[in-house]
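Undergrad: after the sequence you'll find the predicted model.
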Amino acid sequence: MVQALIGIGIVYIGILIVLSLRSRREIKSSTDFILGGAKIGLILGFMTFAATLFSTFTLMGMPDFSRTHGVGAWLFLAFSDAVMVFFILWFGFYLRKRIGQQSFRGMSSLLQDCYQNKGVGYLYFTAAFLFLIPYVAIQIRGVAIFLLEAFPDFISVGFWSVLIVLIMLLYSELGGLKAIIYADFMQGTLLLIVVWLVAFNCLDQVGGWASLFEKINESNRALLSPPGPKGLLTPQFLIASCIAIAMIPVTQPQLSTRLVIMKNYKSLLRMAVAVGTFAMLIILPTIIIGLYGALYYAEESTSGFLGTVLLQEQHPIVAAVTIIGLFAAAMSTSDSQLFAMGNEFRGLLGASKEDQLTPVRVAIIVFAIAALLFSLVSSDELVLLARLSFSGTGIMGPMIILGILSKKPMGSFMIWFSALALLIFILSQLNVVPQNIYSFRVDLALMILLSLGAFINYRLKK
Amino acid sequence: MIKNWSERKLKSTWRIIYWSAILLIAVTFSPIVLIQDKVDPHWLQMPFHLWVSILNTIVLVALTGVGGYVFYTLKSKTDNDQNL
């Protein structure tokens, strides 16, 4: 496998260098660097959106999640993604309409304009920072534990993490967002090929599609329906997850940016349908791999299961492509997130400083270091950490939608209410306040209250 | 063909599409689909919950495709936004 990895790795790094240098030549302003020129067509737009959305947590987290919680994983992610793409139809239109022909300086700056209030920008930025850093950390952690499994006697997980962050920063600092979008294109294609190759291998080992479900039915029937053997996938968990995932393009700046930089609304609509289709194509094989894992590696650790199924049981070339694919996935998603945070920072700096790239570059490096530190202490439950990130940023959703839909400033009620909700959510995660309000999960209860608050605010101030 | 539809027809079609999507989402998260230990009837060898959720996802993505086209045509007629 090592020979194959070196060969494919050299080709991959060579392509990255070419793309990075090519993109670097096109950078003439901070908008070129941060927004990739801001005119992306259907194919690149679809691949960059999909690659940013489906990352390490899809290829590593979802098989592990399905292994533990069963087929309800489809509803948790694939159906929620379909809800998200339907929501993009509507939200994408109003977001683009609100921005109009102006230069996009991030959601923080846009919200400051919508509410005529500086504080809302800082609140959004704080939420994005607090909950995107763990999401970036998941990418780093995921690949690092996987590389440790592939090369157990080489270097520690910490060194792998540092190495990943260094390559990630070098690439993005050189080529800007356009380089990341090109890398996303490669990563999306690689991810789709790898995940199906592994899934077909799993089906072959287990004796086919029908046999997979028959054997699961005999060994652990609870995996074949929600809430799964551990009882996690309850209606409340699934509904709260669906709302949080549907809100991702609203609340996570790396995806909001991609809605804005599409060439036109028609391309955005086609991109939404393509992403929905891609979600189904990529999640189905992860469930196959997960159920296969439930049959043969139910008691293994996450890294042990993934190392065996994704590497040891594969042909050396497939194993090498898997490692490169995972690395590419982590790199493109993390870079996109760090860049989005950089753009938010640029927006908060104000118009007079927006063409100064140095503070943005420094901010990106600071965010990367924060993510690196978090990755060293985070757990291996990648999907649940990702969900925490979606829920945390999701708290800002009603406030953002209210600001974007309203034709005039809507006062400061929703800003204070969202700040309070964010605080309660953080405290609930730290177990300082209960994780349930009466019989409701705290994230679901907060989303319902915030949505009601935004609706009443709109009716009163309209 | 849809391009020639009147604004009224486009609006009502868009309403039908988004209410269908909302209904589909509500059904998917209702006890009709979320039933513990229900694996029958199987379809294409898949247990009940999996095939129903896959089918609902396909329908929702199809609604996004059709809805997107209708919404775009509607907004092209009613909105002067250059960003369209």
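TA: The structure has been received and is ready for your questions. Numbering: from 1, shown residues only, chains lettered A, B, ... in the order given.

Undergrad: now B:Gln36. Nearest residue, chain neighbours left out?
TA: Distance criterion Cβ to Cβ, 6 or more residues apart in numbering or on different chains; nearest residue to B:Gln36, sequence neighbours excluded, is A:Ser225 at 5.8 Å. The way it works is simple: take the backbone N, C-alpha and C, and place the C-beta from them, glycine included.

Undergrad: my read is that that neighbour contacts B:Pro31, right?
TA: No. With contact defined as Cβ atoms under 8 Å, A:Ser225 does not count as touching B:Pro31 (12.0 Å).

Undergrad: which of the two has more residues huddled nearby?
TA: Between A:Ser225 and B:Pro31, counted using other Cβ atoms under 10 Å in any protein chain shown, the more crowded position is A:Ser225 (22 against 9).

Undergrad: any idea how far A:Ala328 is from that one?
TA: Taking Cβ to Cβ, to the nearest Å as the measure, A:Ser225 falls 35 Å from A:Ala328.

Undergrad: ok, now A:Ser80?
TA: A:Ser80 is 24 Å from A:Ala328, by Cβ to Cβ.

Undergrad: and what of A:Gly342?
TA: For A:Gly342, the distance to A:Ala328 equals 21 Å [Cβ to Cβ].

Undergrad: now A:Leu373
TA: 23 Å.

Undergrad: of those two, who's got more company?
TA: The neighbour comparison of A:Leu373 against A:Ala328 (other Cβ under 10 Å) goes to A:Ala328, with 26 against 13.

Undergrad: picking that back up, would you mind measuring from the residue nearest to B:Gln36 to A:Pro285?
TA: For A:Ser225 relative to A:Pro285 (Cβ to Cβ), the value is 21 Å.

Undergrad: and stretch B:63-78, what's buried?
TA: B:63-65, B:67-75 (16 or more other Cβ atoms under 10 Å in any protein chain shown).

Undergrad: which ones among the residues you listed lie within helices?
TA: Judged by DSSP state H, helices contain the following of the buried residues of stretch B:63-78: B:63-65, B:67-75.

Undergrad: gap between A:Gly394 and A:Thr333?
TA: 18 Å.

Undergrad: likewise for A:Tyr438?
TA: A:Tyr438 sits 37 Å away from A:Thr333, going by Cβ to Cβ.

Undergrad: please apply the same query to A:Phe146.
TA: Going from A:Phe146 to A:Thr333 by Cβ to Cβ gives 15 Å.

Undergrad: next: B:Ile22.
TA: As judged by Cβ to Cβ, B:Ile22 and A:Thr333 stand 30 Å apart.

Undergrad: of those two, which one has the most company?
TA: A count of neighbours by other Cβ under 10 Å puts A:Thr333 above the other of B:Ile22 and A:Thr333, at 27 against 12.

Undergrad: that's a helix at that one, yeah?
TA: Yes. Membership of A:Thr333 in a helix is supported by DSSP: H, G, I helix; E, B strand; the rest coil.

Undergrad: any idea of the pLDDT on the closest residue to it other than its chain neighbours?
TA: Using Cβ to Cβ, 6+ apart and skipping the chain neighbours, the partner closest in space to A:Thr333 is A:Ser55 (3.5 Å). Note for A:Ser55: predicted pLDDT of 76.

Undergrad: how near is A:Ser55 to A:Met107?
TA: For A:Ser55, the distance to A:Met107 - Cβ to Cβ - is 20 Å.

Undergrad: repeat for A:Val433
TA: For A:Val433, the distance to A:Met107 - Cβ to Cβ - is 28 Å.

Undergrad: OK, contacts around B:Lys11?
TA: Residues in contact with B:Lys11 (Cβ atoms under 8 Å, 6 or more residues apart in numbering or on different chains) are B:Leu74.

Undergrad: also B:Ile25?
TA: Contacts of B:Ile25 by Cβ under 8 Å, 6+ apart are A:83, A:242, B:60.

Undergrad: can you get me a residue count around A:Leu166?
TA: Applying other Cβ under 10 Å, I find that A:Leu166 has 12 neighbouring residues.

Undergrad: that one and A:Phe159, how far apart?
TA: Here A:Leu166 is placed at a distance of 11 Å from A:Phe159 (Cβ to Cβ).

Undergrad: so where do the helices sit in chain B?
TA: Ranges of helices in chain B, per DSSP H, are B:7-28, B:48-78.

Undergrad: nearest to A:Phe76 among those would be which one?
TA: Closest to A:Phe76 of the helices of chain B is helix B:48-78 (Cβ to Cβ; 9.6 Å).

Undergrad: pretty sure A:Ser267 contacts A:Leu44?
TA: No. Contact between A:Ser267 and A:Leu44 fails when scored by Cβ under 8 Å: they sit 9.7 Å apart.

Undergrad: looking only at neighbour counts, state which of these two leads.
TA: Neighbours per residue (other Cβ under 10 Å) separate A:Ser267 from A:Leu44, with A:Leu44 holding more: 21 against 18.
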